[in-house]
Structure formats: C-alpha cells, structure tokens
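Undergrad: Quick one: sequence and predicted model below, then my questions.
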Amino acid sequence: MTSDGPHVPHPARASSRIAPAAQAPAPAQASHASLVEAVARAVEDVPGVAFLKPGLAARLRSALSRPDPGTGRAPTSGVRLATGADGTGPWRVDVQVVALRRARSVDVARAVRATVERHLAARFPERPAPRVTVTVTGLV
Amino acid sequence: MAGARRLTAPPGAYGDVAGDTDDSLLAVRAAEGDEDAFAVLVQRHGPALIRLATRLLGNRTEAEDAVQDGFISAWRALPEFHGRSSFGTWMYRIVTNRCLNVLRGRRHVASLELAGELPAAEHSASPARITEARDAVRELRDALDLLSAEQRACWVLRALDGRSYEFIADTVGISLGAVRARVFRARRCLTQALGAWR
Amino acid sequence: MTAHTDPPNDPSPQDDDEHLPCGRLLSRVWDAWEQQADDPHLRSCPHCRQAVHGLDQLGSAVLGLREEEAADAPATDAAVLTRRVMDVVRLELRPGRPLPLGEPGEDLWITEAVAARALRAAAETVGGVRAGSCRIVGPLGGGPAGDRAAGAVEIVLDVHTPADAFLPHLADRVRDRVRDTADRELGMAVAAVDIRITDRVDPPGGGKEGRTP
C-alpha cells in the first residue's frame, strides 16, 4: 500500500514494456500510457484535488534539489490502471491523491471516483463498469 | 537538555504544529508518521547538536553530516523509541555515537599514513596577528587529534560541553570508571601537549 | 554540571597515573581540583601546585576555544539543516494503514497518518490543548480476513491540557471537535472517541513561576 516502488511512472520504460518492438504497435496496448495520462489529467481537474500523490522519482528530485527535468508532461504517479489478462474485463483503477484541506475528503474521493468512471465509460462503452479505489494520501 | 520540558516556541514551526508543543508530544507524533512534527524537532535541536558534533569532530562540515545522519536514523528508529528518555537526550546519544564512529575511522586512516598531517591544514588560515592565547587554542585543537576516539569524546563532553561523568557514561555506554580513566588520560595528553608548546 | 564525588575506592585510572614527589597520586590531585576541594596541602605543596597549573593552562585554552567557537561559528541555519533532513525523511514516510472513508464498501480511503494529523489539529482548537498520540483502531466489524470492508473506527487520542482546566468539560469539548472533524472534514465513520489526558501543563507565560522559556 505504502510503497511507490512497483509503479513509479517512467514514461520510457512503461511504453517500451507495453508496446512491442513491432513497427505497428497494437492500438490497445500503445494507448495504455496515454490512457493513464488522460485519467491523471481528469483527476487533477476534480475540485478539491490538490495534486496526484508524488511518485518516488519526483520526491527524489526534490531531495536532490534538482528542478524537474522538463519532460513537458505532468507526472502520472498516483494513477494505476490494470485490466484482466485478456484485456476485456473491468478496469481496476487505483488513484492516490493529495486533497485540499478545505474540502471534505470523502467528497473529493467520491468525485474522483465518479470522474474516473465517467472517463472510462466514455472511452470503453463495451467494458463492464470499472472498479475504482481512491486513497487520500495527504491534505494541504 | 536532559529531561527538560520544552515550552519555548521556536520561530517558524512547521505545518500545523504549534510552536509551544512539548518535545515528548512531537516525538510521539513523529513516531506515528507525522513528518511535520519531526521537522519541528529537527529545527529545535539541530543547532545544539551541530555545536556538539563540531566540538567532537573539530570540523563543521563533518559535524553537519553527522547530525543530518543522526536525525535520519532517529526518524527510522522513532517507532521503537517509546519515549524511554527525552528526545533531546536520545538525540545527544545518537549524535555522540555517530561522531565516535567518525573519529574511530579517522584515527585508523591517520595512524596508517597521515599521522601529523591532518591537524595542520585546518588552522593555516588564521589571521596574521597571532597571540599567545590563540597559539594555545591551536595547540589544543591539534592535541585533540592525538587522543583516541573514546578519550576525545569523553573529554569533550566533560570539559567543553560541561556534562557530568554519569551523563557521559550513559551517553557513550561505558562504565563510570572508564569515563574517568579516559578523561584523565586525555588531560594528561593535553596538558603535556600544551606544556611542550611553552 | 557539578563534579561527581567518588567514593575513595572507586576504580581509578591506574596505568598512566603517577605519584608526585610528595606522594600524592596525580589523578587524586586533579580530582580534588575538579571538585574544588579545600585541601591546605594542595596550596602549600609545590608539586601539587605545578600539577594543577597544567590543568589551569588547559582550562584557559578551553576558554579560548569556546570563545573562538562563539566568534567564528556561523549561527547554525536550522532551516537549512531541517530542509536537508526532511528531503530524506520524505523518501521514507510512514503513512500507516488506509482507513475507510464514507459508507461501508465504497473503496475510498485515507491514510492513517493524514487522518491522525487532522484529528490532532481538531483537538488543538480547544484552547491550551496539545495533542500527542492519535491511534485509530479498526475499522470494527470488518468482513472476512483480507476484505477491506469498511466500518466505523475508534479513535484514541492523548492530550496535554492546561493545568487549570476543568477536565470533564475539556475532554467533552475535545471529543466533540474530534468527532466533528472526522465527520465534516474527512467523512470517516467514527464509533468512539477516547480522550486520554496524559499531562497537565502550566501555560507558558500564564504560569505562576519558574516555567519561563
């Protein structure tokens, strides 16, 4: 639960793992990273969300006092997306957010869940409803 | 420091933490994962511990590293701390022992190759007007490097930090007799070194 | 700070020690010096006086060292040290368990350390109260093992209170604030709030005597 280790977002590694070396990657697989990205952006826009839980990489950068090496993309740490082995089952989504103190935590968490559900339903109307877990890992 | 209840408010408390919050409460909170409470403890105790480590090591940069490492190991050990002593006393012990390890390592290198070279560099930049008193201080600094790690630690805690023999025995984890013996040997060595300068 | 007085047969530093020509042990002479013992012999015996003179010399060098320390030590920047330490600490946070938010089975959570921080802050809105340990027990009545079925939690909060506070009222007020925050700020179902008063403290400045910072 607490470890960021297994899902530190690393765009390069993530895409190379998911997209086979073939010239024309299967669309469903190639879109995984961009799907995570899209879900992350949608979550960040939810009222009451301050930001996604910073990943280990971001915290290490802060520890080394180096500025973010502008990849041009906001981090997607804090969002994990998985689906069944055959790629047809319900999405399993795990979201970790830092919420604003002035908002009620449970309301923020519910709004995040609703946003993720809406987003996935719109993109994958044929899929069963996703299972969304939301954890508030900080209040600011 | 030992056992003292801290009700003073340091400037710039972290997060929600009220500046007048007792060390014992902050240590419990930090043990339960409240890093803001820990930050207040670092801010509160850091300066005194850096002074202690600088006295023990005779080197400011090494002292800052020792104190930083000491706080980090304290953060890791806090869940098992259970407030057996005051946080200040506990940190004093952690930093002293970390400095002892640094001194032991340094001793080893010095005796192997650089004996006599180490002390000089640091004081070469003293001002042109050298008084006799300043010479004595310099002699003392150099002579401290001749002591064993344990002698140095015991003497520094006694003479520079003004600690009781019991406190030192407790902090370093040796018997009262051993502390007395080390302070005595340190004094012999240091008085001889100062005498040689005369 | 005061020197300890050993019983005469305390283990003493034998090796390295020496008898002065007057027959006294150097270690004893120095002990007497440290304890500022009033011994006529020490004042009259030239050997003892010489031995003590060495320590006096050392003492003035120590004073000089302290003065140099005070003069050239840049006042420690506590903020810089704190930032360096906290940068590393933040890589090793202890968030604790996830605790359920909302209705049972909603699969919404808040980490224990974050919830505890909010609840402590709630307790401290009562004047003079300072919060320590905040343990959150439960959730109670969870499902089978491994099931994260949600339920209400129990809060055990330790506080220090002002010495002059009327405790039953104070504990009630703290309990209300904690419950209110759990409900209105977090949305965490709470079965019970146990307030334990672990110390009573004179308020700084408001105290009768002694406790000045």
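TA: Right, received. Where do you want to start?

Undergrad: Next, residue C:200: secondary structure please.
TA: On the three-state scheme (DSSP: H, G, I helix; E, B strand; the rest coil), residue C:200 is labelled strand.

Undergrad: gap between the spatially closest residue to it that is not a sequence neighbour and chain B?
TA: Excluding the flanking residues, the one nearest residue C:200 by CB to CB, 6 or more residues apart in numbering or on different chains is residue C:163, at 4.5 Å. From N, CA and C alone the C-beta is placed, and that goes for glycine too. The gap separating residue C:163 from chain B is 12 Å, by CB to the nearest CB, to the nearest Å.

Undergrad: So residue C:163 sits against residue C:197, correct?
TA: No - assessed by CB atoms under 8 Å, residue C:163 is found out of contact with residue C:197, at 11.0 Å.

Undergrad: same question for stretch A:91-99, mean pLDDT?
TA: In this model, stretch A:91-99 has a mean pLDDT of 94.

Undergrad: contacting residues around it?
TA: A:39, A:43, A:48-53, A:78-83, A:105, A:108-109, A:112-113, A:116, A:120, A:124, A:127, A:130-140 (CB atoms under 8 Å, 6 or more residues apart in numbering or on different chains).

Undergrad: can you tell me which residues contact residue A:78?
TA: Contacts of residue A:78 by CB under 8 Å, 6+ apart are A:40, A:43, A:52-55, A:95-97, A:137.

Undergrad: those strands in chain C, which residues are they?
TA: C:98-100, C:108-111, C:130-137, C:153-162, C:190-201 (DSSP state E).

Undergrad: Revised request: answer the last question for chain A.
TA: Using DSSP E, the strands found in chain A span residues A:49-52, A:79-82, A:92-99, A:131-139.

Undergrad: Which residues of chain C lie near chain A?
TA: Residues of chain C found near chain A (CB under 8 Å from any CB of the partner chain) are C:87-88, C:90-91, C:93-98, C:101-102, C:106-111, C:114, C:117-118, C:184-188.

Undergrad: Any chance of a ChimeraX selection covering the buried ones in these?
TA: Burial among those is assessed by 16 or more other CB atoms under 10 Å in any protein chain shown; the matching ChimeraX selection reads:
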select /C:87,93,94,95,96,98,101,102,106,107,108,109,110,111,114,117,118,185,186,187,188
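
Undergrad: And for residue C:166, the neighbour number?
TA: By other CB atoms under 10 Å in any protein chain shown, the residues close to residue C:166 number 9.

Undergrad: and chain C, what are its domains?
TA: Chain C breaks down by automatic domain parsing into domains covering C:1-73, C:98-201.

Undergrad: swap in chain B?
TA: Taken from automatic domain parsing, chain B resolves into B:1-115, B:117-198.

Undergrad: check whether the shortest one contacts chain C.
TA: Spelled out, it's domain B:117-198. Yes - using CB under 8 Å from any CB, domain B:117-198 reaches chain C at B:133-134, B:136-137, B:139-141, B:159-160, B:162-166, B:175-177, B:180-181, B:184-185, B:187-188, B:190-191, B:194-195.

Undergrad: Quick one: buried ones out of those residues?
TA: Using 16+ other CB under 10 Å, the buried members of the residues of domain B:117-198 next to chain C are B:134, B:136-137, B:139-141, B:159-160, B:163-165, B:176, B:180-181, B:184-185, B:187-188, B:190-191, B:194.

Undergrad: Please enumerate the helices of chain B.
TA: Taking DSSP state H as the criterion, chain B contains helices spanning B:23-31, B:35-57, B:60-77, B:87-109, B:118-123, B:132-144, B:149-155, B:165-172, B:176-197.

Undergrad: List the buried residues for the fourth one?
TA: Pointing back at helix B:87-109 there. Judged by neighbour count (16+ other CB under 10 Å), helix B:87-109 contains these buried residues: B:87-100, B:102-103, B:106-107.

Undergrad: ok, now stretch C:50-59?
TA: Buried residues in stretch C:50-59 (16+ other CB under 10 Å): C:51-52, C:54-55, C:57-58.

Undergrad: Pick out whichever of those sits closest to residue B:62.
TA: Relative to residue B:62, the closest of those is residue C:58; by CB to CB it sits at 24.2 Å.

Undergrad: coming back round to it: what would the buried residues of stretch C:50-59 look like in CSV with distance to residue C:170 and pLDDT?
TA: What follows is the buried residues of stretch C:50-59, written out as CSV (distance: CB to CB, whole Å; pLDDT from 0 to 100):
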residue, distance to residue C:170, pLDDT
C:51, 62, 88
C:52, 59, 89
C:54, 61, 88
C:55, 56, 90
C:57, 59, 89
C:58, 55, 92
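
Undergrad: which one of the residues you listed is nearest chain A?
TA: Nearest to chain A among the buried residues of stretch C:50-59: residue C:58, at 43.3 Å, using CB to the nearest CB.

Undergrad: Contact partners for the most centrally placed residue in chain C?
TA: Centroid check for chain C by CA atoms, centre = their mean gives residue C:132 as the closest residue, at 11.8 Å. Residues in contact with residue C:132 (CB under 8 Å, 6+ apart) are B:24-25, B:28-29, C:120, C:158-160, C:198.

Undergrad: Could you dump the helices of chain B into JSON lines and include distance to chain A and mean pLDDT?
TA: Output for the helices of chain B, formatted as JSON lines (distance: least, CB to the nearest CB, whole Å; pLDDT from 0 to 100):
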{"stretch": "helix B:23-31", "distance to chain A": "15", "mean pLDDT": "95"}
{"stretch": "helix B:35-57", "distance to chain A": "11", "mean pLDDT": "94"}
{"stretch": "helix B:60-77", "distance to chain A": "11", "mean pLDDT": "96"}
{"stretch": "helix B:87-109", "distance to chain A": "20", "mean pLDDT": "90"}
{"stretch": "helix B:118-123", "distance to chain A": "28", "mean pLDDT": "41"}
{"stretch": "helix B:132-144", "distance to chain A": "33", "mean pLDDT": "84"}
{"stretch": "helix B:149-155", "distance to chain A": "31", "mean pLDDT": "95"}
{"stretch": "helix B:165-172", "distance to chain A": "30", "mean pLDDT": "95"}
{"stretch": "helix B:176-197", "distance to chain A": "39", "mean pLDDT": "88"}
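
Undergrad: Reformat these as TSV; add distance to residue C:69.
TA: Converted to TSV, the helices of chain B look like this (distance: least, CB to CB, whole Å):
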stretch	distance to residue C:69
helix B:23-31	25
helix B:35-57	7
helix B:60-77	10
helix B:87-109	16
helix B:118-123	14
helix B:132-144	10
helix B:149-155	16
helix B:165-172	20
helix B:176-197	17
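
Undergrad: coming back round to it: tell me which of the contacts of residue A:78 is nearest to residue C:172?
TA: Looking across the contacts of residue A:78 and measuring by CB to CB, the closest to residue C:172 is residue A:137, at 32.1 Å.

Undergrad: and the closest one, how many neighbours?
TA: Using other CB under 10 Å: residue A:137 sits among 23 other residues.

Undergrad: weakest of the domains of chain C in terms of mean pLDDT?
TA: Minimum mean pLDDT among these: domain C:1-73, a mean of 78.

Undergrad: Tell me where the longest helix sits in chain C.
TA: As assigned by DSSP H, the longest helix anywhere in chain C is helix C:46-72.

Undergrad: I'd like to know which elements it is packed against.
TA: Packing partners of helix C:46-72 (3 or more CB pairs under 8 Å, 6 or more residues apart in numbering or on different chains; DSSP states H and E): helix B:35-57, helix B:132-144, helix B:176-197, helix C:26-34, helix C:40-44.
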